[in-house]
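Undergrad: A structural model of the following input is requested.
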Amino acid sequence: MRTSRRLRKVRNGNQERFQQLESAIQDKLQNAAERRLQIEAEQKEKLRNHNNKLVEVRSVMTAKVEEITKDIESKLTAAELNREKEIQRKLDFVKKENKTARAENDPPSTD
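TA: Model prediction:
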C-alpha cells in the first residue's frame, strides 16, 4: 500500500507540476500574442504617420510647382509683350522713315 500511496503522491505531484508548466506556457503565449498585436499597432501608426507626411510633402511641392509655373508664365507673357512693343516701335520707326523719304523724293505739287 505504501507503494500505491507513493505512486499517487508522485502522480499528483507530477500532475500539479504539469498544470503549473501548462499555465506558465499559456501565460507566455498570451504575452507573446499581446506583444505581437502591440508591435503591429505601432507599425500601422508609423505607416500612417509616414503616409501623412508624404501627402503633406506632395501638397507643398504641388503648391510650389504651381507658384513657379505661374511665375514663369507671367515672365513669358511680359517678355512677349515687350517683344511686341519693340516690334511695333521698329515698325513705327520704319513707317516714319518711309514717310520722310517719300516726302523728300516727291516734288512739291504746284497747283
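Undergrad: when you work out contacts or count neighbours from here on, use the C-alpha atoms and nothing else.
TA: Will do.
Undergrad: now do the phi/psi pair for Leu37.
TA: Note on Leu37: backbone dihedrals following degrees, to the nearest 10 are phi -60, psi -40.
Undergrad: tell me how many other residues crowd it.
TA: Leu37 has 12 neighbours, counted by other Cα atoms under 10 Å.
Undergrad: distance of it from Glu16?
TA: Here the criterion is Cα to Cα, to the nearest Å. By it, Leu37 lies 32 Å from Glu16.
Undergrad: can you check Thr62 too?
TA: Distance from Thr62 to Glu16, by Cα to Cα: 68 Å.
Undergrad: before we move on, what about Lys53?
TA: Taking Cα to Cα, one finds Lys53 at 55 Å from Glu16.
Undergrad: next one: Arg89
TA: Distance of Arg89 to Glu16, computed by Cα to Cα: 109 Å.
Undergrad: likewise for Val57?
TA: Distance from Val57 to Glu16, by Cα to Cα: 61 Å.
Undergrad: ok, now Glu34?
TA: Relative to Glu16, and taking Cα to Cα, Glu34 is found at 27 Å.
Undergrad: just Arg8 next, same as before
TA: For Arg8 relative to Glu16 (Cα to Cα), the value is 12 Å.
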